[in-house]
Every structure is written in C-alpha cells, then in structure tokens.
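Novice: Just the structure for this:
(4 chains)
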There are 2 protein chains.
Amino acid sequence: MTLVETVYEAIREGIVLGRYAPESRLKVEPMKAEFGVSGTIVREALNRLIFEGLVIANGRRGFSVAPFSAEDLADIIRARLLIEVEVVRLSVAHGTEDWEVALVGAHHGLTRREATVDIADEASIRALEAANRAFHDQLGAACPSPTLFQFYSQLFTRHYRYRRVALREKVILREAREDHQDLLDAALVRNVERVADITRAHIERTQRFSDQLITAFDRAVPATD
Amino acid sequence: MTLVETVYEAIREGIVLGRYAPESRLKVEPMKAEFGVSGTIVREALNRLIFEGLVIANGRRGFSVAPFSAEDLADIIRARLLIEVEVVRLSVAHGTEDWEVALVGAHHGLTRREATVDIADEASIRALEAANRAFHDQLGAACPSPTLFQFYSQLFTRHYRYRRVALREKVILREAREDHQDLLDAALVRNVERVADITRAHIERTQRFSDQLITAFDRAVPATD
DNA sequence: AGTCAACATTTTATCGATAAAAATATATTT
DNA sequence: AAATATATTTTTATCGATAAAATGTTGACT
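Specialist: Numbers count the residues shown, from 1 in each chain, chains lettered A, B, ... in the order given. Alright, predicted model coming up:
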C-alpha cells in the first residue's frame, strides 16, 4: 500500500469520526508531523478527499473539513433515498448464492454486536458501526452498477459523520435491529420491493433525528471562528 | 486560480476529448514538460480526477486513463436514468423566475448552434456540445440537492467521453433538437412528469448507439498494449 | 478608542532532487 | 534457442527547501 493511500485513509477516518471538526482548517504543516510524512503526501491525500465531499479546497487558502448543516444532512438523506434504494433493489435482484451466504454471515456478525453493544464503550460502538456498515455494504454488493454503488458508499460515509452523534440513543438501536432482520428475511426470499421499502423506511427514520443531530452537534462544537 | 486547478482542468479536458486515450498511462514526467510545471502539480491534479471516475490509480504503477467498455457505458446510462431524471424533476419543481429566464437563454444559444453546426468542423461541434451542456446544466440548475447535481454533472462528463464519437451522426442531432424544444416547453409550464419522461427518452435514445460507439472506438484506437 | 498601514509570522503552493521500485534490455547458462 | 539471471534505464513516490500569499500584530495617527 502506498504512503498516500495510508494517509488518505487516516485523514478520512479523522474527519468521519469527528477528530477533525467540521469547518476546521486542515493545515499541512501540523499534519506532516502528525503522520510523519512530507507535505506532498498530505496534499495528495487531501486532494483525493475533495470529490468525496469530505474536504473543501479554498483556492489559495488551503483545505478545510466539509461543514455540517441541516441542509447538507437533508441533502444526503434525499440522495440516499434515491440511490441506496435503487442499489439494494438491483443487488437483491442480481445476487448469487455466494452473495446470499456472505449476507447471512454479515447479518450474523451484526446481530452479535447489536446484542453485546455497550453504549458507554466507545470501542464497542465502533465495532457495531463497522458491522452495520459491512451488512449494508453486503446487501448492496451484488448491484451490477459500480457507479451507483460508489455513490451509495460515499453517501453512507458522509451520513455517518452525522449519525454517530446520535448512535448512543437506545431507541435508534432497537429500531435498526428490527430493520436489519426484516431486510435479511426479505432479501433471502428475493422480495425486491419489500427490501426497497424497508431501506426507504430505514433511511427516513434517521430524518426524525435530524434536528436533534444538528443542535447536538452545535452544542458539542461551538462555532470554529 | 491555482496552478493545480489549471492543470487539473487541462487534464480532464484531455481525457474527455480523447487526447489521452482510454487505458493509456498518464506518465508524470512527460506531463511535467507538457504543462511546464513540476511533478507535484501533475500528481495533485491526477489525484483529484480519481474520484471523478476519469483516472485510475494503479498502486505503485502510476496513473492511467479510465478504460472504455460496454459495461461502463451501460453503467453510466443506468445511473443517469436514475439521477438525472430526479435532478430535472426537482429542478423544474423548484425553479424560480430567474431560472426560467436563464433556461430560455440557454435554449436559444443551443438552438443557434444546432442550426449552424457543420459536422465536418471540429470547432463547430465543440461549440454545439458546450451549448448542449449549458442547456442541460441550466435545466437541472434549480435542483435543491447539490449532491445529486454533482453526480449528474460527473455522469454527464463521463458519458460525453463516449458520445462524442457518435456526435457526427445527423440523425442524432435532429432527434436531440426536438427533445430540447420539448424539454423547454414542458419546463416552462412546469410539467414535471413530462420533463422527466423526455429526459428519460433522451438518455435512452443514446443507448441505441451504444454498441456502435464501442466498436467505433475500438476501430479508432486499437488496443494500447 | 478606533481606523489604517507597515511589519512580522504563519501557511500555502510550488519546485528540483533523490531513493526506491518497475520495466526493459542484455548477458549468461543450459 | 529458450530460460534464467543480471544490469540498465525509466518512472514513480517521496522528501526538503523556497518563494509567494495570506494572516496576524503592532503602532502611529485621527
């Protein structure tokens, strides 16, 4: 793996997990030290993140983390409703037996994490989210459109940046658990429209918490300037 | 405008217009000379193009132009059918009066080019395509979802890479002309579903030429290695 | 006190050089 | 002549240094 790729992953994780706050500047000089690489590497990694919607390039004024806003969140949800629903639809329609097997496996892993998650434990939450992501990725993995899958993936990541703030709510976890079971059942019997419906509801459900998310975030991180 | 941005635009245009053939390697050393900049600049520009789907990064083996394939083209068309249709739908539903004015203007510009285009003249074709792009961009410009608009834009660019091969067909030009007039008329009376339908047909029409496009390309540019 | 301008500092954008890797050519052995 | 090993060249990935902006600060002047 190339150095740029390593740094690129690290920065992306830093942004997604909120270690770099929204709108904060991503200064090359400090990051050189942080990762022990030269400025060129950092800059190349940042350039890759621009089109992923996580980093903003401000002309001659360097880079910064993409901002949080209610509009942006609404935008992400709307786009997910269009794209992710189509991705799972196509995937369930095209999935092979191997895909089914992998899906059952991913669901099992997710179930385990859901059962044992401790809301107070950061690592446990992190593991749950990884399993959640793996399950949803697998659900869409048989989608024959690489482009749509890439869009889905990007949106999922951007959405997670917001969602993680609310991940400690027990009620969300419970509802999500039910959705996941329903998704698996419908997917296994290839009920495409039902999978689409549950996916839609699953995404829409997060909308209920949108306002809370934004205000919760504003409380946690006061304006950066 | 920063140097990286300039070079980035130049490389993108080079790829879109086929000056850099699909799958050909994008070597930093020659490009340094071509643009009169250092390797760092070229690399940063290339990194930006990765997520746009125009450039592939091959681990430690440099960069290359995204390949042409029948699957890729089908993928682009499928994604456009989903995303662009939604973009124009949202845009027509949300467009203000200023948007209407700009749309009429863009359509007028396009009509002029369509009337005077000379299939044998490269510059004339180029101008037509710019006007075509401007009209379609304006049609979707009032879409309240920046994300969906960005996806639309990326797909349009990627599709153009294929379409330009077929742009010299008179029959395509004639059919497109009719679509554009119908799109404008339906947009002005805010007939959202009609605009969506025409857009769908407009994109689907290109599908008829897909096979020809691929074989035409294969003839024009024999395998690169 | 508040505005404005000269100055100092930080930060960025960019370059040229280098070491490591990959690709290519050459030689050597069978 | 084929296959393998070795040397050579090209190309890439990476670094440290520098000039040009941008930002922040101080201090004179109203």
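Novice: List the contacts of the residue most central in space within chain A.
Specialist: By CA atoms, centre = their mean, chain A has its centre lying nearest to residue A:157, at 2.5 Å. Going by CB atoms under 8 Å, 6 or more residues apart in numbering or on different chains, residue A:157 touches A:12, A:16, A:52, A:54. Just so you know, the C-beta spots here come from the backbone N, C-alpha and C atoms, and that holds for glycine as well.
Novice: what residues does chain A put near chain B?
Specialist: Within chain A, the residues that sit near chain B (CB under 8 Å from any CB of the partner chain) are A:1-2, A:4, A:40, A:43-45, A:47-48, A:50-53, A:59-60, A:75-76, A:78-79, A:82-83, A:86, A:144-148, A:150-151, A:155.
Novice: what about whatever residue of chain A ends up closest to DNA strand D, how many residues close to it?
Specialist: Residue nearest to DNA strand D within chain A (CB to the nearest atom of the strand): residue A:3, separated by 2.5 Å. Residue A:3: 15 surrounding residues under other CB atoms under 10 Å in any protein chain shown.
Novice: Might one say that it is in contact with residue A:42?
Specialist: No - if you go by CB atoms under 8 Å, residue A:3 and residue A:42 don't touch, sitting 10.2 Å apart.
Novice: In terms of pLDDT, where does the nearest residue to residue A:188 once chain neighbours are set aside sit?
Specialist: Closest residue to residue A:188 apart from its sequence neighbours, by CB to CB, 6 or more residues apart in numbering or on different chains: residue A:100 at 6.5 Å. You'll see residue A:100 listed with a pLDDT of 98.
Novice: check which helix or strand covers residue A:100.
Specialist: helix A:97-116 (DSSP states H and E).
Novice: Next, the buried residues of that helix.
Specialist: For helix A:97-116, the neighbour count (16 or more other CB atoms under 10 Å in any protein chain shown) marks A:99-100, A:102-103, A:106-107, A:109-111, A:113-114 as buried.
Novice: cool, stretch A:178-189 as well?
Specialist: Those would be A:179-180, A:182-184, A:186-187, for stretch A:178-189 by 16+ other CB under 10 Å.
Novice: Quick one: mean pLDDT for the strand or helix carrying residue A:178?
Specialist: Assessed by DSSP H and E, residue A:178 sits inside helix A:170-188. The average of the pLDDT scores along helix A:170-188 is 90.
Novice: out of the buried residues of stretch A:178-189, which one sits closest to residue A:67?
Specialist: Using CB to CB, residue A:179 is the member of the buried residues of stretch A:178-189 that lies nearest residue A:67, at 29.4 Å.
Novice: one step back: among the residues of chain A next to chain B, which are located in helices?
Specialist: Cross-referencing the residues of chain A next to chain B against helices under DSSP state H gives A:4, A:40, A:43-45, A:47-48, A:50, A:75-76, A:78-79, A:82-83, A:86, A:146-148, A:150-151, A:155.
Novice: Quickly list the domain ranges of chain A.
Specialist: A:3-65, A:70-219 (automatic domain parsing).
Novice: Residue A:56 in helix, strand or coil?
Specialist: Using DSSP: H, G, I helix; E, B strand; the rest coil, the structure places residue A:56 in strand.
Novice: For it, give me its contacts.
Specialist: A:50, A:63-67.
Novice: ok, 7 Å please
Specialist: A:63-64, A:66 (CB atoms under 7 Å, 6 or more residues apart in numbering or on different chains).
Novice: Next, format these as TSV and append neighbour count.
Specialist: Shown next, in TSV, are those (neighbours: other CB atoms under 10 Å in any protein chain shown):
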residue	neighbour count
A:63	20
A:64	20
A:66	18
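Novice: between those residues, which is closest to DNA strand C?
Specialist: Distance to DNA strand C, by CB to the nearest atom of the strand, is smallest for residue A:63 among those, at 6.6 Å.
Novice: interface residues of chain A facing DNA strand C?
Specialist: Contact residues, chain A versus DNA strand C (CB under 7 Å from any atom of the strand): A:25-29, A:39-40, A:43, A:57, A:59-63.
Novice: any idea which of these is closest to residue B:191?
Specialist: For those, the nearest to residue B:191 is residue A:57 (39.0 Å; CB to CB).
Novice: Isn't that closest one up against residue A:63?
Specialist: Yes - Residue A:57 is in contact with residue A:63 according to CB atoms under 7 Å; the separation is 5.7 Å.
Novice: The residue in chain A that chain B sits nearest to: what's it in contact with?
Specialist: Nearest residue of chain A to chain B (CB to the nearest CB) works out as residue A:51 at 3.5 Å. By CB under 7 Å, 6+ apart, residue A:51 lies in contact with B:48, B:51-52.
Novice: Quote the end-to-end distance of stretch A:30-39.
Specialist: End-to-end span of stretch A:30-39 (CA to CA, to the nearest Å): 10 Å.
Novice: Run through chain A and note the low-pLDDT ranges.
Specialist: A:167-168, A:210-225 (pLDDT under 70).
Novice: quick revisit: can you tell me how far the residue nearest to the centre of chain A sits from residue B:7?
Specialist: Residue A:157 is 28 Å from residue B:7, where distance means CB to CB, to the nearest Å.
Novice: what do you get for residue A:41?
Specialist: Counting by CB to CB, the gap from residue A:41 to residue B:7 is 19 Å.
Novice: cool, and residue A:100?
Specialist: For residue A:100, the distance to residue B:7 - CB to CB - is 47 Å.
Novice: What of residue A:165?
Specialist: From residue A:165 to residue B:7 the distance is 39 Å (CB to CB).
Novice: okay, those two: which has more neighbours?
Specialist: Neighbour count, other CB under 10 Å: between residue A:165 and residue B:7, residue B:7 has more, with 22 against 18.
Novice: List the contacts of that one.
Specialist: Applying CB under 7 Å, 6+ apart, we find residue B:7 in contact with B:35, B:37, B:41-42, B:45.
Novice: How about residue A:46?
Specialist: Each residue near residue A:46 by CB under 7 Å, 6+ apart is listed here: A:11, A:26, A:55, A:63.
Novice: Give me the nearest residue to the first one, chain neighbours excluded.
Specialist: Distances taken as CB to CB, 6+ apart place residue A:45 nearest to residue A:11, at 5.5 Å, with adjacent residues excluded.
Novice: For the one you found, list the residues it contacts.
Specialist: Residue A:45 makes contact with A:4, A:7-8, A:11, according to CB under 7 Å, 6+ apart.
Novice: repeat that with 8 Å
Specialist: By CB under 8 Å, 6+ apart, the residues touching residue A:45 are A:4, A:7-8, A:11, B:47.
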